[in-house]
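Participant: Okay, sequence plus prediction incoming.
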Amino acid sequence: MDWAQKNLLTDVAGLTVGNAQDDKIKSGVTAILCDEPAVAAVQVLGGAPGTRETDLLEPHNMVEAVDAITLAGGSAFGLDAASGVQAWLREQGRGFPLGPHRIPIVPAAILFDLVNGGDKDWGRYSPYRDLGFEAAAAASENFDLGTAGAGTGSSTAAFKGGLGSASDITSAGITVGALVAVNAVGSVSVGDTPDFWSAPFEKNGEFGGLGLPHPMPENAGALKIKYREMMKSGANTTIAVIATDAVLDKAGAKRLAIAAHDGFSRAIWPAHTPFDGDLVFALATGRTGIKPAPHDLLDLCGIAGATMARAIARGVYEAEASDNDAFPAWKSVTS
């Protein structure tokens, strides 16, 4: 990697990211905005997803590109966030042209953070539409990780979750970026250690530099399950975006989203359970003008998985402790 880069999703040219959160409710929204409509796809492998406008991303459907992606906490209430992002884009004159109208296309996904110690007694209407508007208005090339945006109230089986991001460049000069809100039913660390499953992919100590434990603990393969006593669909979910500046069609973007799920499997144990809504959106901005040859596509997909695994670990690593947390922050345990 060219470490002059930010190691963020926004190293992919044509994208900006904004966060908004409410510390009282311990929840928030992350908006990923496309400077120009970007080719998009989605792959859902969790058994309990919460989404908006994902059907249109399938390769056989008409809309080729999107204006933004929204990730939010709040379970089903959080789907309102996409309306706020859409409202901001409409004010900027953005959107799919249809007669005299422009309709911003904003797919979204949510995670469950309703029992994380925050005050969810918000009255008749949830705050997520307003948070979505704020997140879109705040979008830039630099943004906070950890306890921020959609990662504000997230958690894993052992530690507080968070918003993570990472990037890399293929040998063909194609940039890959990942962004993820880590709210897994499983664990991102090995057994009872603080060592990340993602360790083999770490670059420059970006999430602590601990490596894998040696020897591996006897309980490395044991299942650590968050909220086992209240296990039900929708109580977790890791939601993510993988992006590239390569030229891809919707089918190629779909393949990129599938490959990025390998990063979930390398970073979280277990992943893709019936009680997660695990999904990955893919975006292709096409800014390089490079249409990957078959061997370049192989590298792109491999690096997508590794970059996603790094982003997941960074999300947990960067989380900060706050009042009434249901789980400890990684840094508070290891410091």
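Facilitator: Perfect, I can see it now. Numbering: from 1, shown residues only.

Participant: Pull out the buried residues from the longest strand along the chain.
Facilitator: For the chain, the strand that runs over the most residues, judged by DSSP state E, is strand 27-44. Across strand 27-44, burial judged by 16 or more other CB atoms under 10 Å covers 27-34, 37-44. (Glycine included, C-beta is placed from N, CA and C.)

Participant: State the distance from residue 76 to residue 111.
Facilitator: 11 Å (CB to CB, to the nearest Å).

Participant: With neighbour numbers in mind, choose between those two.
Facilitator: residue 111 (32 against 12; other CB atoms under 10 Å).

Participant: And the longest helix seen in the chain, what does it pack against?
Facilitator: Criterion DSSP state H: the longest helix present in the chain is helix 294-317. Judged by 3 or more CB pairs under 8 Å, 6 or more residues apart in numbering; DSSP states H and E, the packing partners of helix 294-317 are strand 162-169, strand 175-182, strand 239-244, helix 250-267, helix 330-334.

Participant: So for the first one, mean pLDDT?
Facilitator: Mean pLDDT, strand 162-169: 98.

Participant: do the same with the shortest one
Facilitator: Taken as a whole, helix 330-334 carries a mean pLDDT of 92.

Participant: by contact count, what packs against that helix?
Facilitator: Packing partners of helix 330-334 (3+ CB pairs under 8 Å, 6+ apart): helix 294-317.

Participant: what comes up buried for the helix it packs on?
Facilitator: 296-297, 299-301, 303-317.

Participant: can you list the weak-confidence ranges in this structure?
Facilitator: The chain contains residues with pLDDT under 70 at 1-4, 228-235.

Participant: How are the strands of the stretch 1-150 of the chain distributed by residue range?
Facilitator: 15-22, 27-44, 51-52, 65-72, 96-98, 101-103, 108-110 (DSSP state E, counting those that start in this stretch).

Participant: between the ones you listed, which gets nearest to residue 134?
Facilitator: Proximity to residue 134 (CB to CB) singles out strand 15-22 among the strands of the stretch 1-150 of the chain, at 3.7 Å.

Participant: What number of neighbouring residues does residue 64 come out with?
Facilitator: The burial count for residue 64: 17, using other CB under 10 Å.

Participant: Confirm for me that it is in contact with residue 250.
Facilitator: Yes - at 6.4 Å, residue 64 counts as touching residue 250 under the criterion of CB atoms under 8 Å.

Participant: Name the residues contacting each of these two.
Facilitator: residue 39 (CB atoms under 8 Å, 6 or more residues apart in numbering).

Participant: Not counting sequence-adjacent ones, nearest residue to residue 37?
Facilitator: Closest residue to residue 37 apart from its sequence neighbours, by CB to CB, 6 or more residues apart in numbering: residue 65 at 3.5 Å.

Participant: quick one: that neighbour and residue 104 touch, right?
Facilitator: No - Residue 65 is not in contact with residue 104 according to CB under 8 Å; the separation is 11.4 Å.

Participant: on that earlier part again, could you dump the helices and strands packed on helix 294-317 into a markdown table with mean neighbour count added?
Facilitator: Shown next, in a markdown table, are the helices and strands packed on helix 294-317 (neighbours: other CB atoms under 10 Å):
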| stretch | mean neighbour count |
| --- | --- |
| strand 162-169 | 27 |
| strand 175-182 | 31 |
| strand 239-244 | 32 |
| helix 250-267 | 23 |
| helix 330-334 | 18 |
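
Participant: export the ones you listed to CSV and tack on distance to residue 97?
Facilitator: Below are those laid out as CSV (distance: least, CB to CB, whole Å):
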stretch, distance to residue 97
strand 162-169, 32
strand 175-182, 28
strand 239-244, 24
helix 250-267, 19
helix 330-334, 46
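
Participant: re earlier: of residue 65 and residue 104, which one has the most company?
Facilitator: The neighbour comparison of residue 65 against residue 104 (other CB under 10 Å) goes to residue 104, with 23 against 19.

Participant: That one is in contact with residue 67, isn't it?
Facilitator: Yes - Residue 104 sits in contact with residue 67 when judged by CB under 8 Å, with a separation of 4.6 Å.
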